[in-house]
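Enquirer: Sharing a sequence plus its predicted fold:
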Amino acid sequence: MKLHSTILGEGKPMLILHGFLGMSDNWKTLGRQFAEEGYQVHLIDQRNHGRSPHSDEFNYLLLARDVKEYCDSHQLKDCVLLGHSMGGKVAMLAASLFPHIIEKLIVVDIAPKYYAPHHQQILEGLQAVDEAHLPSRGDAEDLLAKYVKEEGVRLFLLKNLYWKTKGQLALRMNLESLVKNIEEVGQALPNDATYSKPTLIIKGERSNYITAEDEKDILSHFPVAEIVSIPNTGHWVHAEDKKAFFTAVMQFL
């Protein structure tokens, strides 16, 4: 699958994978900062997200293989691979399957464990927006607010809107496939998946995605991992404190 990406800067390749229902645009500001530090930053839309192709099939093995295919097609090696949430799970699996092309791994606020589905309300809201064929972003936000109370999460989700035709908004993501395959998003990393090169796990101090009990599990898959907690941040740690996040990544690199 030929993934869509935005490439910034020149130098060592750094691939950035967004989370579930996100897109590469979410990482533009940080991407530019990494590019200024001498990295060629590849902001990637994963399948069924952003401007990348749509597919009925959606699971972590396919997503990890998409990353490998992307590296092959762009002739990338010795890559830094960074992923947030769902993108972090993809990054973990890709690094364990293809360690010869991944030199360093950075995982943001996700553990290798299974997570029960917890996006139902958001998906219902997006389906309502998709089916309403609304004429303005304001109307879309008003409708989504009935399902998603947090303004920050709403604005993040509404970045997926685009003008399909004059006067009609639509969502870029393949919502039908994502709803159908929602069970896949929470799947655990396979028990035998390991990656023994430099690994950084960044967690939000106020996020419940990585608990103290998860650290042993993390180290069983990633034996040299260092785990860094960013104060006063939740799951969207990179958006909530860009400066501290950028500093933590650059210190590791």
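Expert: Alright, I've got the coordinates. Numbering: from 1, shown residues only.

Enquirer: does residue 187 really touch residue 58, like I thought?
Expert: No: counting by Cβ atoms under 8 Å, residue 187 does not reach residue 58; the two are 11.0 Å apart. C-beta here means a position set from N, CA and C on the backbone, and glycine is covered the same way.

Enquirer: which one of those two has more residues nearby?
Expert: The neighbour count for residue 187 versus residue 58, taken as other Cβ atoms under 10 Å, is higher for residue 58 (20 against 15).

Enquirer: per-domain residue ranges of this structure.
Expert: 5-115+187-252, 120-180 (automatic domain parsing).

Enquirer: Let me know which of those is tucked in deepest.
Expert: Mean neighbour count (mean count of other Cβ atoms under 10 Å) peaks for domain 5-115+187-252 among the domains of the chain, with a mean of 19.

Enquirer: okay, how far is it across it, tip to tip?
Expert: This stretch, domain 5-115+187-252, spans 25 Å end to end (Cα to Cα, to the nearest Å).

Enquirer: So for that domain, mean pLDDT?
Expert: For domain 5-115+187-252, the mean per-residue pLDDT is 98.

Enquirer: Please renumber the chain so that the first residue is 22 from this point on.
Expert: New numbering, starting at 22: the last item is domain 26-136+208-273.

Enquirer: Can you give the distance of it from its chain's centre?
Expert: Put simply, domain 26-136+208-273 sits 7 Å off its chain's centre (Cα atoms, centre = their mean, to the nearest Å).

Enquirer: same thing with stretch 130-140?
Expert: 13 Å.

Enquirer: quick one: the strands in the stretch 22-171 of the chain?
Expert: Using DSSP state E, counting those that start in this stretch, the strands of the stretch 22-171 of the chain run over 26-29, 33-38, 60-65, 100-105, 123-129.

Enquirer: Distance to residue 188 added to those strands, as a markdown table?
Expert: Output for the strands of the stretch 22-171 of the chain, formatted as a markdown table (distance: least, Cβ to Cβ, whole Å):
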| stretch | distance to residue 188 |
| --- | --- |
| strand 26-29 | 28 |
| strand 33-38 | 34 |
| strand 60-65 | 30 |
| strand 100-105 | 34 |
| strand 123-129 | 38 |
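
Enquirer: give the contact list for residue 110.
Expert: 81, 104, 131, 133, 208, 210 (Cβ atoms under 8 Å, 6 or more residues apart in numbering).

Enquirer: Can you pick out the most distant pair from the residues you listed?
Expert: For those, the farthest-apart pair by Cβ to Cβ is 104 and 208; their separation is 14.7 Å.

Enquirer: from memory residue 244 sits against residue 217, does it?
Expert: Yes: counting by Cβ under 8 Å, residue 244 touches residue 217, with 5.4 Å between them.

Enquirer: Please enumerate the helices of the stretch 72-221 of the chain.
Expert: Ranges of helices within the stretch 72-221 of the chain are 81-94, 107-118, 141-153, 158-166, 172-179, 196-201, 203-206, based on DSSP state H, counting those that start in this stretch.
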